[in-house]
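1. I need the structure of the sequence given here:
(4 chains)
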2 protein chains.
Amino acid sequence: MKTVETTPRKLPRQARSRATVDALLEAAAQVLVEHGYEKTTTARVAERAGVSVGSLYQYFPSKEALVAALIEQHADEMVSVADEALSPLKTASLEEGLKAIIRVAVDTHRISPELHKVLYEQVPRVGRVAEVMDTNRRITELIERFLRAHARELPRGMKPAVAAVVLETALEALSHKAITERQDLLASGVLERELYQLAAGYLFHAER
Amino acid sequence: MKTVETTPRKLPRQARSRATVDALLEAAAQVLVEHGYEKTTTARVAERAGVSVGSLYQYFPSKEALVAALIEQHADEMVSVADEALSPLKTASLEEGLKAIIRVAVDTHRISPELHKVLYEQVPRVGRVAEVMDTNRRITELIERFLRAHARELPRGMKPAVAAVVLETALEALSHKAITERQDLLASGVLERELYQLAAGYLFHAER
DNA sequence: GCAATATGCGAATGATTCGTCACATTCGCT
DNA sequence: AGCGAATGTGACGAATCATTCGCATATTGC
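-> Residues are numbered from 1 along each chain as shown, chains lettered A, B, ... in the order given. Take a look at the predicted model:
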């Protein structure tokens, strides 16, 4: 099994090169959004960044590494948004916490919708599934911890570990769909309302 | 805009050529599952099918066309499974219908899990390929029709069109996740129970 | 100011893959 | 058997791309 190197070849030391790296990442994001993964060539990215191909390979050992870096950046952003909003949640009521969770699900998808879409669709092919799944796993854990804190308010027999997966998966899928192909649901807050009905019905009114 | 041709170049007339086409499709599925989309080359598929590349191009004008045909096959299978299970549903009660819908969501994912995963995750969503993959939309319509038939039993203010999207998306996402990374939820019928709690809570106990 | 180092360049390379075509084989039919 | 149509073959052309490498230019440390 031949593994593709995805770690930076060399770290930028001077301000000049840091600018180059930033330009490359920004250019990669743009080209990716405009042309999709297949038609994103290293040459095109370099050109857009106003830099030569050689310079690209100075900092990214492969095309995949470039995309991987982008994915990592984006994933970190999502997790930090989630972290900030969900960590002070131990004190919140079940209902308020749930609303916060829903807000987070939607907000994390608002970060860079088009880029998010491309990255999400291309991730499996870049082999960095791990990072993204990790994002989901970490968010699922935050939800699970919150549910555990309210264990006695949950329906009998509901397992926080399972419920967290159900909630995270459903909320993420619906947010993703709304952002990528049903923006109409986004405008008027319809999405949030529906998500709340879905999650609340599941958590509060289940017959077990 | 250069569009890629995806319709068969020629229709098989003799039994021999029908066998060739079948072998090609079967081989394509295998190679796709084994190597992923990028590393699926027409040469490799032809070889696996015990056929020459030329023959492949006799019936499929491009690599995309080959994959498109596979997708169409698979999508049709899924829709027909759904159709069969959901069409006699006008007579069913809301509750029974819902259970049927859930069974369908899970069953359609059991058809060819690995192939499904590859087609869904790795095949670039471009050109005609995207259109063919609108299985989801078709299933959403079936659900919507069912909901409309029970309109008076639904919470006030719930719009069948929106509710159908919510249900389809959530059920599909959870089934997909269970099949691809949480098979443990599949064995004991846990998945179906959770899906029912989720959907029933949404449909029956919503406060609007 | 001057070496040492970091950064940047881009034509050339090499590997891969799609898709074609001229020719060979098999089939259906009389 | 024999003929035209259908089907199959695989070497080969052409194009695309990721990646490299020798050399040029800029920056830093002294």
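2. C-alpha coordinates for stretch A:158-167, CSV please?
-> The C-alpha coordinates for stretch A:158-167 follow below in CSV (Å, rounded to 0.1, in the frame of the first residue of the first chain):
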residue,chain,number,x,y,z
MET,A,158,-32.6,6.2,26.2
LYS,A,159,-28.8,5.7,26.0
PRO,A,160,-26.9,9.0,25.7
ALA,A,161,-24.2,7.4,23.5
VAL,A,162,-26.8,6.3,21.0
ALA,A,163,-29.0,9.4,21.2
ALA,A,164,-25.9,11.6,20.6
VAL,A,165,-25.1,9.8,17.4
VAL,A,166,-28.7,10.0,16.2
LEU,A,167,-28.9,13.7,16.9
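3. measure A:L115 to B:H205 for me?
-> Remark: distance between A:L115 and B:H205 (C-beta to C-beta, to the nearest Å) = 38 Å. All C-beta atoms are positioned from the backbone trio N, CA, C, and that covers glycine.
4. now the helices: where do they sit in chain A?
-> Using DSSP state H, the helices of chain A run over residues A:15-35, A:42-49, A:53-59, A:63-86, A:94-110, A:113-126, A:129-149, A:160-181, A:184-187, A:190-204.
5. can you tell me which of those is nearest to DNA strand C?
-> The closest approach between DNA strand C and any of these, judged by C-beta to the nearest atom of the strand, belongs to helix A:53-59 at 1.8 Å.
6. OK, contacts around the residue lying closest to A:V129 once chain neighbours are set aside?
-> Spatial nearest neighbour of A:V129, excluding adjacent residues (C-beta to C-beta, 6 or more residues apart in numbering or on different chains): A:V123 at 5.9 Å. Each residue near A:V123 by C-beta atoms under 8 Å, 6 or more residues apart in numbering or on different chains is listed here: A:I71, A:V129, A:V132.
7. pLDDT value on A:V123, please?
-> If you check A:V123, the pLDDT there is 75.
8. likewise the one 3 residues further on?
-> You'll see A:V126 listed with a pLDDT of 76.
9. what of A:K117?
-> A:K117 is given a pLDDT of 89.
10. residues in chain A within reach of DNA strand D, list them.
-> Residues of chain A that fall close to DNA strand D, judged by C-beta under 7 Å from any atom of the strand: A:4, A:14-16, A:39-43, A:53-54, A:57, A:61-64.
11. nearest to B:A149 among those residues?
-> Closest to B:A149 out of those is A:K39 (45.5 Å), distances taken as C-beta to C-beta.
12. what's the separation between the closest one and DNA strand C?
-> Separation of A:K39 from DNA strand C (C-beta to the nearest atom of the strand, to the nearest Å) stands at 14 Å.
13. so in chain A, where's the weakest helix or strand by average pLDDT?
-> Each helix and strand of chain A was given a mean pLDDT (mean pLDDT, DSSP states H and E); the minimum falls on helix A:113-126 at a mean of 84.
14. for A:R128, which non-adjacent residue is closest in space?
-> Once flanking residues are discounted, A:R128 sits nearest to A:A68: 5.0 Å by C-beta to C-beta, 6+ apart.
15. and that neighbour, how many neighbours?
-> By the criterion of other C-beta atoms under 10 Å in any protein chain shown, A:A68 has 22 neighbours.
16. before we move on, what about the one 4 residues further on?
-> By the criterion of other C-beta under 10 Å, A:E72 has 14 neighbours.
17. state the distance from the nearest residue to it once chain neighbours are set aside to chain B.
-> With C-beta to C-beta, 6+ apart as the criterion, A:E72 has its nearest non-adjacent residue at 6.0 Å, and that residue is A:E131. Distance, A:E131 to chain B, using C-beta to the nearest C-beta, to the nearest Å: 15 Å.
18. pretty sure A:E131 contacts A:Q73?
-> No - in this structure, A:E131 is not within contact of A:Q73 by C-beta atoms under 8 Å, at 10.4 Å.
19. who are the neighbours in contact with whichever residue of chain A sits closest to chain B?
-> Of all residues in chain A, A:G201 sits closest to chain B, at 2.6 Å by C-beta to the nearest C-beta. Each residue near A:G201 by C-beta under 8 Å, 6+ apart is listed here: B:L198, B:A200, B:G201, B:Y202, B:L203, B:F204, B:H205, B:A206.
20. do you know how far it is from DNA strand D?
-> Distance from A:G201 to DNA strand D, counting by C-beta to the nearest atom of the strand: 47 Å.
21. likewise for A:A75?
-> Plainly put, A:A75 is 21 Å away from DNA strand D if you go by C-beta to the nearest atom of the strand.
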